[in-house]
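Engineer: Model the structure of this input:
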Amino acid sequence: MAALVALALPVLILSAGLVIDVAYLFWMRTAVQAAADFAALAGAQNVDLEALAQGQRLLLVEEAAADARHWARLNLAAHPATAGYQDAALVEVVVTNAAPGAPARQRWTGRLLTDPTVSVRISLRVRPFLIRSLVPEVEVSALADAALLEKADPLE
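Structural biologist: Take a look at the predicted model:
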């Protein structure tokens, strides 16, 4: 029995480490996605009010990008899974003032945009806890968009 336990113990320890690390990476991925979602929403609130008064839906590009970056880092710092990574995270923001008559392609996905949109991509490199010898680093990333719609349909 002791020999069987001695043979099975390393496999059990490695399996437990893998389960813990994978669960941690999923938790971290959820936190990064939430930070990207909130950052895109924060950036999309920078509406050009002068253009809106003239009937044009536009975003203030510099302000939207700055707000999105700022809120992405704040949200990364606030979550326990990503609190130590906010400075190492790569936060990319693209503000596209698209319109139905002048559509544009989303830079990372190629999706057609017909509304002013703030796109945020966050990626960071993470070192797993227990399986570092097998996987030294893993990239955790998320992408989010927030658009300034002309008329929101409550059913969409």
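
Engineer: which SS class is D87?
Structural biologist: What DSSP: H, G, I helix; E, B strand; the rest coil gives for D87 is coil.

Engineer: and the residue nearest to it when sequence neighbours are not counted, how many residues sit next to it?
Structural biologist: Leaving aside its sequence neighbours, D87 sits nearest to R73 (Cβ to Cβ, 6 or more residues apart in numbering; 7.8 Å). Placement of C-beta: from N, CA and C, glycine included. By the criterion of other Cβ atoms under 10 Å, R73 has 17 neighbours.

Engineer: Doesn't R73 belong to a helix?
Structural biologist: Yes - using three-state DSSP, the assignment for R73 is a helix.

Engineer: now the strands: where do they sit in the chain?
Structural biologist: Ranges of strands within the chain are 90-97, 104-105, 112-113, 116-126, 138-147, based on DSSP state E.

Engineer: Export those as JSON lines, with columns for mean pLDDT, mean neighbour count and distance to D21.
Structural biologist: Below are the strands of the chain laid out as JSON lines (pLDDT from 0 to 100; neighbours: other Cβ atoms under 10 Å; distance: least, Cβ to Cβ, whole Å):
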{"stretch": "strand 90-97", "mean pLDDT": "97", "mean neighbour count": "19", "distance to D21": "22"}
{"stretch": "strand 104-105", "mean pLDDT": "94", "mean neighbour count": "14", "distance to D21": "36"}
{"stretch": "strand 112-113", "mean pLDDT": "95", "mean neighbour count": "15", "distance to D21": "37"}
{"stretch": "strand 116-126", "mean pLDDT": "95", "mean neighbour count": "23", "distance to D21": "9"}
{"stretch": "strand 138-147", "mean pLDDT": "94", "mean neighbour count": "19", "distance to D21": "9"}
